[in-house]
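Colleague: fold the following.
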Amino acid sequence: NGLRWKRLADDVRPEYFGARGDGVADDTAALIKAIDFAKKTGRTLCGTAKYKVSQPVNLRALTVDMKKADVNLVDSGQIIIGGDARNSFNPTQSFGRILRGAIKFDPASYTVTSIQCVGAKGQRIDIKYTDYLQFYMSTDPETFPSDASQAYSTFNIDFAVKIEIATDPRYANGSEIDGAASSAQWFNENILNLNRCLGFDMRGSYSHNCNRIVGGTFETVKSYINIERGNKNNFVSARLEGVGSVRFGEKTEGNILNRTYFGSVSAVLIDVVDKGVLNRVETEVIDKSNCTRVFELNPFSPRYNGFS
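Modeller: Predicted structure coming up:
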């Protein structure tokens, strides 16, 4: 009716195509229809409800505002995000919760990706909560170069049990020169702003380089940072409080992990194995045990003017 099409002119919501949004009914078909319409019309896909998804859903190269939505993945459900690597600037995407059941605080227990990011180039993507996020690159001749690389993007992630940077294993032995079916499947020059993450893997057929991973609280005994292949990546202010492990593989060089610990302990040990070259783990300990209060401002202090 007229009202319906007026609403579609402003944004596109899965409810317009039959989604229940109650977290119980399967909304996959309605979500796919909404995505197709949004892509055809150049509109923003919006969602604020609870959606149940049972099949892979592709939201690449689409402006998405689902930061208030909850997505419950079942069966083969998966959310594919990102852009097209041929484009220098891809649309902004924001997501709320995308989870496959109850959260398990063990990254090794996750083998099926909930979110797969492909082709992000010059893109900003925000994710509030997820369990298994994978950045995936492939030089498959049928999709090259759209899926081959991810770069110059900013990812803001509040919570992820496991983050993985991986490549298509079919082309691991391909040519090192950029091209279809080559091993040059790369993730470079990105910024990942992390709040909490329990497991971080960087692996694949290419030495991913010059990425900046900022923050990240790795606190459980099962937490880890595993760099199998990568050069000159910088982890800034990661928090590992004497638990978990750090691994640098044989094909790593010049990676820096700076971890920050706030406490009264001067020596905080973690398990570090470095089989690469020129990798470095730095520890910044802010010791508050010997701090002395110099002065205090309060409403009764002389010359107090409302600022502290």
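Colleague: name the helices or strands packed onto the helix ranked longest in the chain?
Modeller: Once the chain is assigned using DSSP state H, the helix that runs over the most residues is helix 28-41. The contact analysis (3 or more C-beta pairs under 8 Å, 6 or more residues apart in numbering; DSSP states H and E) places helix 28-41 against strand 45-46, strand 50-53, strand 56-58. C-betas here are computed from N, CA, C, even on glycine.
Colleague: can you mark which positions in that helix are buried?
Modeller: The neighbour-count check on helix 28-41 (16 or more other C-beta atoms under 10 Å) flags T28, A30, L31, I32, K33, A34, I35, A38, K39 as buried.
Colleague: and the gap between the residue nearest to the third one when sequence neighbours are not counted and T130?
Modeller: Pointing back at L31 there. In space, and not counting its chain neighbours, L31 is closest to P14: 4.7 Å by C-beta to C-beta, 6 or more residues apart in numbering. According to C-beta to C-beta, to the nearest Å, P14 stands 19 Å off from T130.
Colleague: now do Y51
Modeller: When Y51 is compared with T130 (using C-beta to C-beta), they lie 14 Å apart.
Colleague: ok, S146 next?
Modeller: 23 Å.
Colleague: who has more neighbours, these two?
Modeller: Looking at S146 and T130 with other C-beta atoms under 10 Å, you find the greater number of neighbours at T130, namely 26 against 20.
Colleague: picking up where we left off before, what's the pLDDT at the residue nearest to L31?
Modeller: According to the prediction, P14 has pLDDT 97.
Colleague: equivalent analysis for R303, please.
Modeller: For R303, the model assigns a pLDDT of 49.
Colleague: and if you look at T260?
Modeller: 82.
Colleague: likewise for the one 10 residues further on?
Modeller: According to the per-residue confidence, I270 scores 78 in pLDDT.
Colleague: shouldn't G83 be in contact with A120?
Modeller: Yes - between G83 and A120 a contact is recorded at 5.3 Å, counting by C-beta atoms under 8 Å.
Colleague: common neighbours of these two, please.
Modeller: N90 (C-beta atoms under 8 Å, 6 or more residues apart in numbering).
Colleague: sec struct for F200, please.
Modeller: strand (DSSP: H, G, I helix; E, B strand; the rest coil).
Colleague: quick check: G119 vs D147, distance?
Modeller: 6 Å.
Colleague: actually I35, not the one I typed
Modeller: 18 Å.
Colleague: burial measure for T217, as a count.
Modeller: Neighbours of T217 using other C-beta under 10 Å come to 17.
Colleague: my error: substitute A49 in the last question.
Modeller: Other residues close to A49 by other C-beta under 10 Å number 18.
Colleague: now do the same contact list for it.
Modeller: Per C-beta under 8 Å, 6+ apart, neighbours of A49: P14, E15, A19, G21, D22, G23, A69, D70.
Colleague: need the pLDDT of the fourth one.
Modeller: At G21 the predicted local confidence, pLDDT, stands at 98.
Colleague: for the residue lying closest to it once chain neighbours are set aside, give me phi and psi.
Modeller: Closest residue in space to G21, ignoring its immediate chain neighbours: A49 at 2.9 Å, by C-beta to C-beta, 6+ apart. Main-chain dihedrals, A49, degrees, to the nearest 10: phi -110, psi -170.
Colleague: equivalent analysis for K68, please.
Modeller: Per degrees, to the nearest 10, the backbone of K68 is at phi -100, psi 10.
Colleague: P169 now?
Modeller: Dihedral angles (degrees, to the nearest 10) for P169: phi -70, psi -20.
Colleague: give me the neighbour count for it.
Modeller: Close neighbours of P169, defined as other C-beta under 10 Å, add up to 12.
Colleague: low pLDDT regions in the stretch 201-308 of the chain?
Modeller: Along the stretch 201-308 of the chain, the model assigns pLDDT under 70 to residues 242-243, 262-269, 285-308.
Colleague: make it 50
Modeller: 266-267, 301, 303-308 (pLDDT under 50).
Colleague: what segments of it are strands?
Modeller: 212-217, 224-231, 234-238, 245-253, 256-263, 271-274, 280-287 (DSSP state E, counting those that start in this stretch).
Colleague: now do the helices in this protein.
Modeller: Under DSSP H, the chain gives helices at 2-10, 28-41.
Colleague: could you tell me the least trusted of these?
Modeller: helix 2-10 (a mean of 52).
Colleague: off-centre distance for stretch 32-39?
Modeller: What separates the centre of stretch 32-39 from the centre of its chain is 24 Å, taken as C-alpha atoms, centre = their mean, to the nearest Å.
Colleague: next: stretch 234-241.
Modeller: 16 Å.
Colleague: what's the answer for stretch 171-185, then?
Modeller: On C-alpha atoms, centre = their mean, the centre of stretch 171-185 falls 24 Å from that of its chain.
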